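how would this look folded up:
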Amino acid sequence: MMVMLYLVLLSNLILLGGEFISMQCRQFLKDNEIEVEPLVPHYMVAKKEQVKEKEKPVWTKKNSFPEVTTSWHNYMCKAVIQDLKHPVQQVSEGPYDERIISVLPTTHFEFPNGYNQEFGNERFKIPEALFDPSATMGGSMLGMSQIVTTSVG
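Residues are numbered from 1 along each chain as shown. The predicted model follows:
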């Protein structure tokens, strides 16, 4: 019974954690005025021109595509964030240390509309909030490890 409870709690934390990271990625894009808001999903892009890193994207919207529901459009926007999260976000192998992270290689990412950028320490900082939310968000929030330990006890 205890193992079942643990698995349910863990699966819920993973789902919540993934959604939390998605929200943090979107907030990061807004806070840093990265030229992808509003998000442009792949299905809307007819063509895009190659631009230099961090330059405003130059793209053409498809003239005709089937009318989509708001929920499907939102789902496709969420997929863009998923595309950003998976290859770019990384968890530090040890406690988060800005000095160590700053010398690690950056990761390049291009959004569907052509905007592109190298991501450095922020790719570690965003997921770090799962393990030490107080360091990145302030306050006295519990991290994932503390929640699991407290729940399973």
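
hey, where'd the strands end up in the protein?
45-49, 58-61, 107-110, 116-119 (DSSP state E).

what's the most buried one of those strands?
The highest mean neighbour count among the strands of the chain, using mean count of other Cβ atoms under 10 Å, belongs to strand 116-119: a mean of 17. Quick note: C-beta positions are derived from backbone N, CA and C, even for glycine.

strand partners (parallel or antiparallel) of that strand?
strand 107-110 (antiparallel) (DSSP bridges).

state the mean pLDDT of stretch 18-33.
Mean per-residue pLDDT for stretch 18-33: 85.

same thing with stretch 77-89?
What stretch 77-89 shows for mean pLDDT is 91.

returning to that earlier point: and of the strands of the chain, who's closest to Gln24?
Evaluated over the strands of the chain, closeness to Gln24 peaks at strand 116-119, with 13.0 Å, by Cβ to Cβ.

in TSV: the strands of the chain, plus mean pLDDT.
Shown next, in TSV, are these (pLDDT from 0 to 100):
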stretch	mean pLDDT
strand 45-49	95
strand 58-61	94
strand 107-110	95
strand 116-119	94
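
Throw the ones you listed into a markdown table and include distance to Val68, thanks.
Formatted as a markdown table, the strands of the chain follow (distance: least, Cβ to Cβ, whole Å):
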| stretch | distance to Val68 |
| --- | --- |
| strand 45-49 | 14 |
| strand 58-61 | 13 |
| strand 107-110 | 23 |
| strand 116-119 | 26 |
